[in-house]
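[1] I'd like to go over a predicted model; first the sequence, then the structure.
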Amino acid sequence: MVTYRSGSHVRSATDLVERECEHCDWAAVADGYPALVEQYQQHLRADHPRA
C-alpha cells in the first residue's frame, strides 16, 4: 500500500509525498521531499514568477 504524505519525508520505500499549488490546479507526487520541492519550484518559476 502506498502512503501519501503532504510535505514530509518518506518513511519507507512505498511512501510518496504530494504537493498542490496554492495558485492553480497543479499537483505533483514524488518519492522524496527534495524531488518534490524541485518540481514545485520549477512550476512556480514557469507559471507564477511573481508568486
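    All right, it came through fine. Numbering: from 1, shown residues only.

[2] okay, CA-based contacts and neighbour counts for the rest of this
    Will do.

[3] helices and strands around the lengthiest strand in the chain, which ones?
    For the chain, the strand that runs over the most residues, judged by DSSP state E, is strand 15-20. Packing partners of strand 15-20 (3 or more C-alpha pairs under 8 Å, 6 or more residues apart in numbering; DSSP states H and E): strand 3-6, strand 27-30, helix 33-47.

[4] ranking these by mean pLDDT, which is last?
    Lowest mean pLDDT of the helices and strands packed on strand 15-20: strand 3-6, a mean of 54.

[5] Give me the buried positions along stretch 16-24.
    Residues of stretch 16-24 classed as buried: 16, 17, 18, 19 (neighbour count, 16 or more other C-alpha atoms under 10 Å).

[6] Which strand residues bridge the second one?
    Yep, that's residue 17 we're talking about. Applying DSSP bridges to residue 17 gives these bridge partners: residue 5, residue 30.

[7] Use 455 as the first number from now on
    Renumbered: residue one is now 455, and that last one reads residue 471.

[8] follow-up on the earlier one: can I get the longest strand of the chain in PDB, CA atoms only?
    Output in PDB follows, covering the C-alpha atoms of strand 469-474 (Å, rounded to 0.1, in the frame of the first residue of the first chain):
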ATOM      1  CA  ASP A 469       5.800   6.200   0.800                       C
ATOM      2  CA  LEU A 470       5.300   9.200  -1.500                       C
ATOM      3  CA  VAL A 471       5.000  12.900  -0.800                       C
ATOM      4  CA  GLU A 472       2.500  15.200  -2.600                       C
ATOM      5  CA  ARG A 473       2.100  18.900  -3.100                       C
ATOM      6  CA  GLU A 474      -0.600  21.100  -4.600                       C
END
